[in-house]
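Trainee: Have a look at this prediction, sequence included:
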Amino acid sequence: MKIKDPVISALSLLVLISLTGAIAGCFWKGDEVKFSKVSDPEGVSTACTQKQGLDQDLTAKLSRAFKNNDGEITDEFKLEASSIVSEADSVPAAGRNAVLKEYFSCLAGSAPAEKK
């Protein structure tokens, strides 16, 4: 059997490969980011802030923010917590990074070993 027009045949093959790739791409989820999650966000956050000796107002704000984030330690939550701590008068500017680092470490340590 002789191919009459190889350009059309090659073009058809190229279109078929492209369509197959596009369809496969629709179903591929990619690398899903998994965040640590705790079952009792308010309780865990309160325990972590009290362990650090933070005041009640700051403890309440951080606990509320963590609860609103469903107990997940995401980048979004870390930014919100950083904002809350930076606005707090009870934490000196020089110690804010250390407070946040210890707080996030405590939260992550309270999350189960198996990620969500």
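Mentor: Structure received.
Trainee: pLDDT weak spots in the protein?
Mentor: 1-8, 28-34, 113-116 (pLDDT under 70).
Trainee: Toward the C-terminus, what is the element adjacent to the top helix by length along it?
Mentor: The residue-count maximum for a helix in the chain (DSSP state H) belongs to helix 6-27. Next in sequence after helix 6-27, counting helices and strands by DSSP states H and E, comes helix 41-52.
Trainee: so what secondary structure elements neighbour that next one?
Mentor: Where contact means 3 or more CB pairs under 8 Å, 6 or more residues apart in numbering; DSSP states H and E, helix 41-52 is packed against helix 56-68, helix 96-110. (Each C-beta comes from the backbone N, C-alpha and C, glycine too.)
Trainee: From residue 66, how far off is residue 48?
Mentor: From residue 48 over to residue 66 the distance is 9 Å, taken as CB to CB, to the nearest Å.
Trainee: hang on, the earlier thing: in JSON lines: the helices and strands packed on helix 41-52, plus distance to residue 39 and mean neighbour count.
Mentor: Below are those laid out as JSON lines (distance: least, CB to CB, whole Å; neighbours: other CB atoms under 10 Å):
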{"stretch": "helix 56-68", "distance to residue 39": "12", "mean neighbour count": "17"}
{"stretch": "helix 96-110", "distance to residue 39": "9", "mean neighbour count": "16"}
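Trainee: could I get these as CSV with distance to residue 14?
Mentor: Formatted as CSV, the helices and strands packed on helix 41-52 follow (distance: least, CB to CB, whole Å):
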stretch, distance to residue 14
helix 56-68, 50
helix 96-110, 49
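Trainee: Give me the residue at the spatial middle of this structure.
Mentor: residue 74 (3.1 Å; CA atoms, centre = their mean).
Trainee: quick one, what contacts it?
Mentor: By CB atoms under 8 Å, 6 or more residues apart in numbering, the residues touching residue 74 are residue 35.
Trainee: same question, residue 39
Mentor: 71, 112.
Trainee: residues contacting residue 38?
Mentor: By CB under 8 Å, 6+ apart, the neighbours of residue 38 are 44, 71, 107, 110, 111, 112.
Trainee: Would you point out the most distant pair within the residues you listed?
Mentor: 107 and 112 (12.1 Å; CB to CB).
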